[in-house]
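Participant: Here you go, sequence then predicted model.
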Amino acid sequence: MIRIAIKIAYLGIDFCGSQIQPDVRTVEGDILQNVKKLCDLTDEEIDLRLASRTDRNVNALGNVAVFNSGIEDPLTLTKALNAVSEGLFYRSFTLVDDTFNPRHAEQRTYSYVIPLDDLNISKMTECAGLFQGEHDFIRFCKPDGKPTILSIDNMDISTDGDLITIRFTARRYLWNMIRRISAAVISVGKGESDISEVESALNGKNITFGLARADALTLTDITYPDMIFETVPCNTFDPRLKENLFKNNLEKRFFESL
């Protein structure tokens, strides 16, 4: 039996969050089902752990799942998992030992995407700069008992066509933290809030800017020191990608015809 770490991708709209729950579809639940289809193992023997929890509707391109498998060739296992999966994409892998804890990551990167519309990019960029470094993010999270002082290593804003992407890089985040920060930056970009108000909130003043929508948020990658993941062959997802892209094009064509 091997223990493997696999980077996984999924659309959040397909799941009721990542953490396993009774009677609803979750990322952890699907991974367990996929592994059980291939290996005669119990939940306890599989010993599944995720690097990061994602809320309902939040997407991932690089979350990390760690578990035990009875299929000892990692490439064969990853290909088989993709063959039996309907909503998960197993993208890359590396073998780990029993002491590896996926939650002890070096960095986590998220992206938040919004329409360009009439947003003031310059003010948004200035506002984003406030959040870099160490702060008490008590006004920019949903408190759950964890320490609220932490550091954002980098936060930048870029445009691509008619979309704006806000990128976050940090070792860890608080519950709803990125969506609340994004809501503040968007509010400044719309002219609804002033940068000084955001700064006051960072300094502890009881000001909130709302909670940005979940489906625009994507966990793009998680990295670990001295750990290299081997990417699965590029054609692994071809059948599913073609079908999903065709469905998306049909939908796009419909809405553009209204």
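Facilitator: Alright, I've got the coordinates. Just so you know, these numbers come straight off a predicted model, no measurement behind them.

Participant: Select the longest strand from this structure.
Facilitator: Using DSSP state E, we find that the single longest strand of the chain is strand 59-69.

Participant: Given it, what are its sheet partners and their directions?
Facilitator: strand 2-10 (antiparallel), strand 49-50 (antiparallel), strand 217-223 (parallel) (DSSP bridges).

Participant: which one of those lies closest to residue 84?
Facilitator: Among the strands paired with strand 59-69, the nearest to residue 84 by Cβ to Cβ is strand 2-10 (13.7 Å). Bear in mind the C-beta positions are built from the backbone N, C-alpha and C, glycine included.

Participant: Skip ahead from that closest one and say which helix or strand is next.
Facilitator: Heading C-terminal from strand 2-10, the first helix or strand you meet, by DSSP states H and E, is helix 27-38.

Participant: Pull out the buried residues from that following helix.
Facilitator: 27-32, 34-35, 38 (16 or more other Cβ atoms under 10 Å).

Participant: For the residue lying closest to residue 67 once chain neighbours are set aside, grab the count of nearby residues.
Facilitator: Among residues not flanking residue 67 along the chain, residue 48 sits closest, at 4.4 Å (Cβ to Cβ, 6 or more residues apart in numbering). Residues within reach of residue 48, counting by other Cβ atoms under 10 Å, total 16.

Participant: how about the strands paired with strand 59-69 in TSV, adding mean neighbour count?
Facilitator: Formatted as TSV, the strands paired with strand 59-69 follow (neighbours: other Cβ atoms under 10 Å):
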stretch	mean neighbour count
strand 2-10	20
strand 49-50	18
strand 217-223	21
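
Participant: Figure out which of the ones you listed is closest to residue 184.
Facilitator: strand 217-223 (14.4 Å).

Participant: show me the contacts for residue 116.
Facilitator: For residue 116, the contact set (Cβ atoms under 8 Å, 6 or more residues apart in numbering) comprises 159, 161-164.

Participant: For the chain, give me the ranges with low pLDDT.
Facilitator: Along the chain, segments meeting pLDDT under 70 are nowhere present.

Participant: Quickly list the domain ranges of it.
Facilitator: 2-104+224-247, 107-219 (automatic domain parsing).

Participant: Adding distance to residue 256 as columns, could you present those in TSV?
Facilitator: Formatted as TSV, the domains of the chain follow (distance: least, Cβ to Cβ, whole Å):
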stretch	distance to residue 256
domain 2-104+224-247	15
domain 107-219	14
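
Participant: Lovely, talk soon.
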